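Student: This is the structure alone, sequence omitted:
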């Protein structure tokens, strides 16, 4: 995959990037879609290189799991870093709102109908 | 399309909502092929640590133990400009249950891919989704339409009720994959409507 930048850099112990933490302060689903905020763009030069790489990918809406795959970061690490960046106001998240999910957290009737229509139109 | 005031798209493209379907099944049953047949991107692979950290008590210690990893493939389908469907292919063995707990949270449901010559490989996945109360369909992957057993025999062997849809699919074929996904979404919708 050519788009992975920094393949020439030394591979470091992944969880060193998160200070050994396997959980973020913000608990996010792996399919959560994020995008950079204006604040992030202004402060990009202050970010660590991993965070800058994440911010670079999130110019367009992109999911945590895609960030993990495209930057070759273990899923857990990507999740912690993205969660932190959301807490710090560098990334915005977008997930189904409460009106679109059932009490057990799954897509509700309206959202399922949108998926059905979308799939049928493929 | 009518938008509520708060949902009205801004001048820049709206951030789409993610939805997901889990594709489970035994080793080499065709999960990645299934995902790849309909995904708009080449299936991507990510590494998940093969250590459950749901307790999160000894966090540093947990991280230190996370040396074994398992690869998980996924694909993406954009449905209109406000919805993205992710398909996650996940290994079917019991020891990956911790991943399923995480994966299935908020999912539409699951497709359990079955190879009729190795039927037992899908048992753990069927057990899991049944006990978790997750909508799922059993999709028999029939290469070139070849099946070793009839759907009814397979239903009996898996002991899944009539209410669980069972379809014949071809993981390499986009239309067959699409039909299987439609079957699952319709099933999930019927369950939601039934309350």
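Tutor: Received it, and whenever you're ready, just let me know what you need. These figures come from a predicted structure and were not determined experimentally. Residues are numbered from 1 along each chain as shown, chains lettered A, B, ... in the order given.
Student: hey, let's count contacts and neighbours off CA atoms from now on
Tutor: Noted.
Student: Tell me the residue of chain A that sits nearest chain B?
Tutor: Nearest residue of chain A to chain B (C-alpha to the nearest C-alpha) works out as residue A:106 at 4.3 Å.
Student: okay, the closest residue to that residue other than its chain neighbours: pLDDT?
Tutor: Of all residues not flanking residue A:106 in the chain, residue B:106 sits nearest, at 4.3 Å (C-alpha to C-alpha, 6 or more residues apart in numbering or on different chains). On the pLDDT scale, residue B:106 is placed at 91.
Student: for residue B:46, same thing?
Tutor: 87.
Student: One more: residue B:68?
Tutor: 62.
Student: Ok, residue B:187 next?
Tutor: Predicted confidence (pLDDT) for residue B:187: 98.
Student: Spatially, and excluding backbone neighbours, which residue is closest to it.
Tutor: residue B:135 (7.0 Å).
Student: in terms of contact, does that neighbour touch residue B:188 like I think?
Tutor: Yes. If you go by C-alpha atoms under 8 Å, residue B:135 and residue B:188 touch, sitting 5.6 Å apart.
Student: Give me the common contacts of these two.
Tutor: Shared contacts of residue B:135 and residue B:188 (C-alpha atoms under 8 Å, 6 or more residues apart in numbering or on different chains): B:108, B:109.
Student: Return the residues in contact with the residue nearest to residue B:187.
Tutor: B:108, B:109, B:110, B:129, B:184, B:187, B:188, B:191.
Student: got the contact list for residue 106?
Tutor: Here I'm looking at chain A. So residue A:106 contacts B:105, B:106, B:107, B:108 (C-alpha under 8 Å, 6+ apart).
Student: meant chain B, my bad for not saying
Tutor: Contacts of residue B:106 by C-alpha under 8 Å, 6+ apart are A:104, A:105, A:106, A:107, B:19, B:20.
Student: Using neighbour counts, trim those to the buried set.
Tutor: Buried residues within the contacts of residue B:106, counting neighbours by 16 or more other C-alpha atoms under 10 Å in any protein chain shown: A:106, A:107, B:19, B:20.
Student: Looking at the residues you listed, spot the one nearest residue A:39.
Tutor: residue B:19 (27.5 Å; C-alpha to C-alpha).
Student: The closest one: which element?
Tutor: strand B:17-25 (DSSP states H and E).
Student: Show me what the next helix or strand after that strand is packed up against.
Tutor: Next along the chain after strand B:17-25, taking DSSP H and E as the criterion, comes helix B:31-38. Secondary-structure packing of helix B:31-38 (3 or more C-alpha pairs under 8 Å, 6 or more residues apart in numbering or on different chains; DSSP states H and E): strand B:17-25, strand B:69-78, strand B:83-91, helix B:174-194.
Student: buried set for the third one?
Tutor: Pointing back at strand B:83-91 there. B:83, B:84, B:85, B:86, B:87, B:88, B:89, B:90, B:91.
Student: where does chain B have low pLDDT?
Tutor: Counting by pLDDT under 70, chain B has low-confidence residues at B:1-14, B:49-69, B:92-96, B:144-146.
Student: Point me to the residue of it nearest chain A.
Tutor: Closest point on chain B to chain A, by C-alpha to the nearest C-alpha, is residue B:106, at 4.3 Å.
Student: Name the SS class of that residue, please.
Tutor: coil (DSSP: H, G, I helix; E, B strand; the rest coil).
Student: Could you measure from it over to residue B:20?
Tutor: 8 Å (C-alpha to C-alpha, to the nearest Å).
Student: can you pull out the helices in chain A?
Tutor: A:38-43, A:49-57, A:64-70, A:75-87, A:109-120 (DSSP state H).
Student: so who does residue 105 touch?
Tutor: This is for chain A. B:105, B:106.
Student: nope, chain B please
Tutor: A:29, A:105, A:106.
Student: Make JSON lines out of those residues and add distance to residue B:156.
Tutor: Converted to JSON lines, the contacts of residue B:105 look like this (distance: C-alpha to C-alpha, whole Å):
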{"residue": "A:29", "distance to residue B:156": "36"}
{"residue": "A:105", "distance to residue B:156": "31"}
{"residue": "A:106", "distance to residue B:156": "29"}
